[in-house]
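**Q** Sharing a model prediction with you, sequence too.
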Amino acid sequence: ADKADIEGVYLRAGRTVNEIVVENGRCQGVHTVEGETFAAGHVIVAAGAWTHILLPELAGVMRASGHPVFHLKAPDRDLFSPPKFVVFTADITRSGWYGFPWHPDERVVKIANHGVGQTLHPVEDERLVTVEDEHTLRQFLAETFPALLDAPIVYTRRCLYSDTLDEHFWIDRHPEIAGLTVAAGGSGHAFKFAPILGGLIADAAEGFVNEWLPKFAWRDLTPETAGEEPARFHGGN
């Protein structure tokens, strides 16, 4: 954001967009909860799990999903710090579990699940983990990290995804609304690709050829469409 500001980008933080303004088949800008309207020649919607709420026509191809995240008080800081304990994925296609070592500031070990998750509304639903989630975690710890089996849970949450049905990104111009590009469907991975996604999104918005964009183009998906990510647990949580 700081670099964008230096380059002359006009930043408006702390606003909540609740409407994409469209007139005569062309996007004119966005309207906010605060009552402001920002006009634009081209709008890029990169709203994550809120995308299908702003653009209801996408509700049939993507959803907001919440995935359990646990922060545990480790009994032994040395045992759960690098190099003894590092970032891991524990056969993630069969279990979904991954984690991070001791955090020196938070004083916790983070363990989370990359699986099917729980469909939820990003605004209306609370992002709470369930007793079943904790039970599944304890089973996993008993088999893999028994020293953490009885570790107290300091805090929990659900990590919010913008999931497409096929689990691929969704980066393309809107086929029916001129001046509108959508960049969504991170499916739990967009944060890792942030350094290169900007270029892809810019190419889509400007109509440039990019060898990767066809894979992420606007497409027809059905309720029967299966997730295609090989490194994801599809057995439910």
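**A** Arrived safely. Since this is a predicted model, take the numbers as computed values, not measurements.
**Q** now the residue nearest the centre of the chain, what's its secondary structure?
**A** Centroid-nearest residue in the chain, with C-alpha atoms, centre = their mean: Tyr161, separated by 3.2 Å. Following DSSP: H, G, I helix; E, B strand; the rest coil, the label given to Tyr161 is strand.
**Q** per-domain residue ranges of the chain.
**A** 2-61+165-216, 64-161 (automatic domain parsing).
**Q** Quick check: beta-bridge partners of the residue nearest to the centre of the chain?
**A** Ser65 (DSSP bridges).
**Q** doesn't Trp170 make contact with Met62?
**A** Yes - under the criterion of C-beta atoms under 8 Å, Met62 makes contact with Trp170 at 6.6 Å. From N, CA and C alone the C-beta is placed, and that goes for glycine too.
**Q** which residues are common contacts for these two?
**A** Taking C-beta atoms under 8 Å, 6 or more residues apart in numbering as the criterion, Met62 and Trp170 both touch Thr51, Thr164, Ala184, Gly185.
**Q** who's in contact with the nearest residue to Pro101 once chain neighbours are set aside?
**A** Closest residue in space to Pro101, ignoring its immediate chain neighbours: Phe85 at 4.7 Å, by C-beta to C-beta, 6 or more residues apart in numbering. Going by C-beta under 8 Å, 6+ apart, Phe85 touches Leu79, Pro101, Trp102, Val109.
**Q** redo that, cut-off 10 Å
**A** 74, 76-79, 99-102, 109, 145, 147-148 (C-beta atoms under 10 Å, 6 or more residues apart in numbering).
**Q** quick one: which two of the residues you listed are the most distant?
**A** Asp78 and Gly99 (16.8 Å; C-beta to C-beta).
**Q** Just the closest of the contacts of Phe85 to Ala13, please.
**A** Phe100 (28.1 Å).
**Q** Look up the closest residue to the closest one, ignoring the ones flanking it.
**A** In this structure, Phe100 finds its nearest non-sequential neighbour in Lys110, 4.5 Å apart by C-beta to C-beta, 6+ apart.
**Q** ok but that neighbour is inside a helix, no?
**A** No - read with three-state DSSP, Lys110 is strand and lies in no helix.
**Q** Distance check, it against Ser95.
**A** 16 Å (C-beta to C-beta, to the nearest Å).
**Q** any idea how far the helix or strand of the chain with the lowest mean pLDDT is from the chain center?
**A** The helix or strand of the chain with the poorest confidence is helix 92-95; it has a mean of 84 (mean pLDDT, DSSP states H and E). Computed by C-alpha atoms, centre = their mean, to the nearest Å, the chain-centroid distance of helix 92-95 equals 19 Å.
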